[in-house]
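Trainee: Next input, structure requested:
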Amino acid sequence: VDRHFEFAVRPAWPEQQTTKPYALEGGQPLQLDAAAAAGLVPSTVRAQLTLSTLPPLPYHSALSNLLDYPYGCIEQTTSKGYAALILDPATAKALGITMTDAMRKTAVESALSRIASFQAGNGHFSFWGGSSPIETFTTPYVVDFMLDAREQGFAVPQDVLQKALKVLNDDLLAGGHPYFSYEQHDHMRIADEAYSGFVLARVNRAPLGTLRAIFDNDRAKRVAPLPLVHLGIALKLMGDNDRAQKAIAEAFAWNKPRPWYVGDYGSDLRDLALMVALTHRFDMAKPEYDARLIDWARNATARGQSASEQVPYYHWSWSYLSTQEMNAIAQVARAFNAGSGAPLAVDLKIRGRIESAPAGAHLWSRDLSLGDLQAGVGVQPSDHSTVFASLDVAGIPQKAPAPDASAIDVRRAWFTTDGKPWTGDTLKEGDTLIAELTIEAKDDMPDALAIDLLPGGLEVENLNLGGAQSWEGVVVDGIQMDQHTNAADVVHEEYRDDRYAAALKLRRGEASHLFYLVRAVTPGRYTVPPPLVEDMYRPALRGVGKAVPAKVTVVEP
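Mentor: So this is what the prediction gives:
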């Protein structure tokens with residue numbers, strides 16, 4: 001008899017990734033070393049150098065991280081589908097990402113299937129599937145992906161696509177959605193209408209009169225530029241080229257700061273990258289438009305630091321990109337790779353060997369080992385044209401992430417099933433505890449995601465399965481457990497093999513309480529991971545809790 005067992009083994013805290021962009025002008029060289037890998041477990045270090053003539057964005061890490069994103073709301077599912085769709089064999093090879101035709105086909109078809117399962121009766125899509133809320137703002141994005149997939153030969157469920165197109169057309173003719181629950185409700189309505197008009201224009205179904213009315217009467221109400229590009233391309237596709245050109249020019253002339261929170265899942269990077277990608281794709285690009293994105297990317301780190309003047313605890317970073325930002329970067333890679341321009345002319349010197357960029361390539365990614373970085377990697381342009389470089393380094397930190405409550409305060413506590421605090425460090429196999437996460441944000445955060453990784457030896461259970469009556473009379477931290485669902489505005493919960501995750505809405509100054517069960521199942525001594533909460537669409541906004549106790553031991557009964 002042969003018996004085979006699989007054990008999932010992972011560190012107690014997540015991988016850390018850093019991205020550093022460079023611009024090599026006038027033939028200047030660049031020397032890279034292992035400084036970015038300091039503090040990481042050597043055996044876990046992965047490094048990737050991407051060289052290009054494209055705007056300086058982290059293309060490799062954006063696409064690979066998007067493919068590996070572990071959660072799946074309607075927006076995240078669509079973004080992951082886009083990553084697979086964009087990674088055709090040529091793009092995957094240029095970026096050094098393993099993506100066979102079979103893998104790509106499976107990933108895109110899986111996204112389309114999941115999208116179909118999320119569609120509601122009215123044609124829109126629930127955010128997390130099932131009975132979760134419908135976010136009408138995401139429907140044009142989903143339709144855009146389905147149209148792109150169809151153009152590339154994938155079998156898109158036609159009933160799902162046509163139902164979604166119909167509801168977008170009906171909503172557009174009816175004046176759109178009011179979005180009164182958002183502070184920037186006028187912008188949300190206009191952005192929704194403009195994107196809906198764009199995807200409808202792609203199939204020649206956008207009402208031209210409505211598009212003109214939005215442009216003539218409502219465009220001044222927006223607070224970000226992307227809707228004008230969607231509107232401009234829609235006008236062009238439907239035959240009004242004068243308004244189209246004016247809309248695009250106004251979009252790229254936009255220079256007002258973006259409000260702290262809008263609700264459109266966007267950012268300066270997401271908007272500008274998509275604007276440039278769309279103008280290339282629909283033959284409306286100009287060098288000065290591309291220059292806006294290049295300038296933004298060159299100065300992104302400084303811009304992120306200046307954001308802290310508006311919100312002291314917010315520091316934008318290339319290391320924390322939302323799924324929308326990663327998809328926008330992927331769209332730029334697709335748009336520019338299909339474009340013209342001077343090919344990449346650069347050499348690498350690695351441990352005494354010289355490697356040259358592939359002939360005719362505009363984008364070249366190269367894996368680097370920790371040894372390569374420690375020995376030093378030289379980058380030397382072959383002529384005086386500008387070469388953009390991006391070094392991505394990822395690995396597991398040797399130490400647990402430091403607690404950080406500057407933006408979000410998150411605390412974990414464990415209790416026995418009768419509601420008494422548990423402060424020990426030893427459990428018997430079969431013991432059950434109630435885990436409580438207490439979360440408080442410094443500002444409203446409608447798209448928060450709590451991620452509580454479990455120590456090895458414990459598994460998570462849903463305490464709702466027994467019904468509320470099974471917890472009658474049990475009080476944890478002053479909260480009646482048969483009414484615990486009222487202690488937080490939870491949109492979606494997941495109970496996975498190694499973690500508990502919840503999407504929830506946080507309100508400034510209000511503590512939210514999440515509860516789940518953990519059961520000791522495997523004897524051993526384990527490191528306890530810290531709890532983490534982040535904003536899904538502003539992931540640099542995050543809070544890291546403290547692991548108490550730092551270790552837990554599970555023993556046999």
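
Trainee: show me the contacts for Gly509.
Mentor: When contacts are counted by Cβ atoms under 8 Å, 6 or more residues apart in numbering, Gly509 touches Glu440. Heads up, the C-betas are built off the backbone N, CA and C, glycines and all.

Trainee: after the one helix or strand Phe415 maps to, next one along is what?
Mentor: When elements are assigned from DSSP states H and E, Phe415 belongs to strand 408-416. Next along the chain after strand 408-416, taking DSSP H and E as the criterion, comes strand 426-428.

Trainee: Could you spell out the sheet neighbours of that following strand, each with its direction?
Mentor: strand 551-555 (parallel) (DSSP bridges).

Trainee: Show me the contact partners of the helix or strand encompassing Leu66.
Mentor: Per DSSP H and E: Leu66 is located in helix 59-67. Helix 59-67 is contacted from outside by 17, 19, 48, 50, 52, 79-80, 82-84, 86-87, 95-97, 107, 321, 323, 325-327, 329-330, 332-333, 363, 365, 390, 392, 394, using Cβ under 8 Å, 6+ apart.

Trainee: Swap in 6 Å and give it another go.
Mentor: Helix 59-67 is contacted by residues 19, 48, 50, 79-80, 83, 95, 97, 326, 329-330, 333, 365, 392 when judged by Cβ atoms under 6 Å, 6 or more residues apart in numbering.

Trainee: repeat for stretch 259-271
Mentor: In contact with stretch 259-271 (Cβ under 6 Å, 6+ apart) are residues 182, 184, 188, 191, 223-226, 258, 324-325, 328, 537.

Trainee: What about the residues you listed, which are in helices?
Mentor: Among those, the residues falling in helices (DSSP state H) are Met188, Ala191, Leu226, Gln324, Glu325, Ala328.

Trainee: pLDDT score for the residue most central in space within the chain?
Mentor: Centroid-nearest residue in the chain: Thr323, 2.0 Å away (criterion: Cα atoms, centre = their mean). Looking at Thr323, its pLDDT reads 97.

Trainee: just Glu309 next, same as before
Mentor: Looking at Glu309, its pLDDT reads 60.

Trainee: Can you tell me which of the contacts of helix 59-67 is nearest Leu173?
Mentor: Checking these against Leu173 with Cβ to Cβ, the nearest one is Ser79 at 28.6 Å.

Trainee: Check the gap between Tyr195 and Thr138 for me.
Mentor: In this view, Tyr195 and Thr138 are 10 Å apart by Cβ to Cβ, to the nearest Å.

Trainee: just Asp347 next, same as before
Mentor: From Asp347 over to Thr138 (counting by Cβ to Cβ), the distance is 45 Å.

Trainee: quick one: which of these two has more around it?
Mentor: Comparing Asp347 with Thr138 by other Cβ atoms under 10 Å, the one with more neighbours is Thr138, at 21 against 15.

Trainee: Check for me that the more buried one belongs to a strand.
Mentor: No. Thr138 is assigned helix when assessed by DSSP: H, G, I helix; E, B strand; the rest coil, not a strand.

Trainee: Provide a list of residues in contact with it.
Mentor: Counting by Cβ under 6 Å, 6+ apart, Thr138 touches Ile74, Glu75.

Trainee: pLDDT score for it?
Mentor: pLDDT for Thr138: 98.

Trainee: what stretches of this structure score poorly on pLDDT?
Mentor: Scanning the chain for pLDDT under 70 picks out the ranges 301-310, 338-341.

Trainee: re the thing from before, what is the nearest of the contacts of stretch 259-271 to Gly352?
Mentor: Nearest to Gly352 among those is Glu325, at 37.9 Å by Cβ to Cβ.

Trainee: Tell me which helix or strand the closest residue to Thr527 other than its chain neighbours sits in.
Mentor: Excluding the flanking residues, the one nearest Thr527 by Cβ to Cβ, 6 or more residues apart in numbering is Ala12, at 4.0 Å. Assigned by DSSP H and E, Ala12 belongs to no helix or strand.

Trainee: And Ala12, how far from Thr423?
Mentor: 20 Å.

Trainee: Check Ile354 too.
Mentor: From Ile354 to Thr423 the distance is 60 Å (Cβ to Cβ).

Trainee: Same question for Glu6.
Mentor: With Cβ to Cβ as the criterion, Glu6 and Thr423 are 34 Å apart.

Trainee: Compare these two (neighbour count), which wins?
Mentor: Shown here are Glu6 and Thr423; by other Cβ under 10 Å, Thr423 has more neighbours (10 against 5).

Trainee: Mind listing what's buried along stretch 348-355?
Mentor: Leu348, Ile350 (16 or more other Cβ atoms under 10 Å).
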